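Participant: Kindly generate the corresponding structure for this input.
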Amino acid sequence: MEDLTGGAQEAILRAIGATAVRIALRRLGESRRGPVLADTEAALRTLTGGVWSRLDKWVQGQD
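Facilitator: You can find the predicted model right below:
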C-alpha cells in the first residue's frame, strides 16, 4: 500500500471499516433473533423444501 496516495489509502481503509461494521451488525442481529422467528424459519424451510431458507423482520417504514 506504500505506492498508493493518502486519499486512496484512506478510501480503502474506510471501505474495510464499513465492511467490518456491516458484518458486526449482521452478527448482532443474528444473535438477537427470537426463538419464535427461528422456529418459524425452520418450519418454512421444511415446508418449501429449502426454497425459502430465511425470514427477515420488516418494520413499517423501514427501507
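Participant: mind listing the helices for the protein?
Facilitator: With DSSP state H, the ranges of helices along the chain come out as 6-31, 35-47.
Participant: Let me know which of those helices is the nearest to L55.
Facilitator: helix 35-47 (4.6 Å; Cβ to Cβ). Backbone N, C-alpha and C define where each C-beta goes, glycine included.
Participant: A42 and T48, how far apart?
Facilitator: Noted for A42: a distance of 11 Å to T48, by Cβ to Cβ, to the nearest Å.
Participant: gap between R54 and L13?
Facilitator: 31 Å.
Participant: Between those two, which is the more surrounded one?
Facilitator: L13 (11 against 7; other Cβ atoms under 10 Å).
Participant: about what we covered before: may I see the helices of the chain arranged in CSV, with mean pLDDT and distance to V59 as well?
Facilitator: Shown next, in CSV, are the helices of the chain (pLDDT from 0 to 100; distance: least, Cβ to Cβ, whole Å):
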stretch, mean pLDDT, distance to V59
helix 6-31, 90, 12
helix 35-47, 88, 13
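Participant: Can you say which of the ones you listed is nearest to Q60?
Facilitator: helix 35-47 (17.0 Å).
Participant: Now do the closest one against helix 6-31, angle only.
Facilitator: If you take axes from the mean of the first three to the mean of the last three Cα atoms, to 10 degrees, helix 35-47 sits at 90 degrees to helix 6-31.
Participant: what's next to helix 35-47, contact-wise?
Facilitator: Contacts with helix 35-47, where a contact means Cβ atoms under 8 Å, 6 or more residues apart in numbering, come from 52-55, 57.
Participant: gap between that helix and the chain center?
Facilitator: 19 Å (Cα atoms, centre = their mean, to the nearest Å).
Participant: Sort out which residues of that helix are buried, please.
Facilitator: Residues of helix 35-47 classed as buried by neighbour count (16 or more other Cβ atoms under 10 Å): E41.
Participant: Pull it out as PDB, backbone CA atoms only.
Facilitator: What follows is helix 35-47, C-alpha atoms only, in PDB (Å, rounded to 0.1, in the frame of the first residue of the first chain):
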ATOM      1  CA  PRO A  35     -36.800 -18.300  19.200                       C
ATOM      2  CA  VAL A  36     -40.200 -17.900  17.600                       C
ATOM      3  CA  LEU A  37     -38.800 -16.400  14.500                       C
ATOM      4  CA  ALA A  38     -36.100 -19.100  14.300                       C
ATOM      5  CA  ASP A  39     -38.700 -21.900  14.800                       C
ATOM      6  CA  THR A  40     -40.900 -20.300  12.100                       C
ATOM      7  CA  GLU A  41     -38.000 -20.100   9.700                       C
ATOM      8  CA  ALA A  42     -37.200 -23.700  10.200                       C
ATOM      9  CA  ALA A  43     -40.800 -24.700   9.600                       C
ATOM     10  CA  LEU A  44     -40.900 -22.600   6.400                       C
ATOM     11  CA  ARG A  45     -37.700 -24.100   5.200                       C
ATOM     12  CA  THR A  46     -39.200 -27.600   5.700                       C
ATOM     13  CA  LEU A  47     -42.500 -26.700   4.000                       C
END
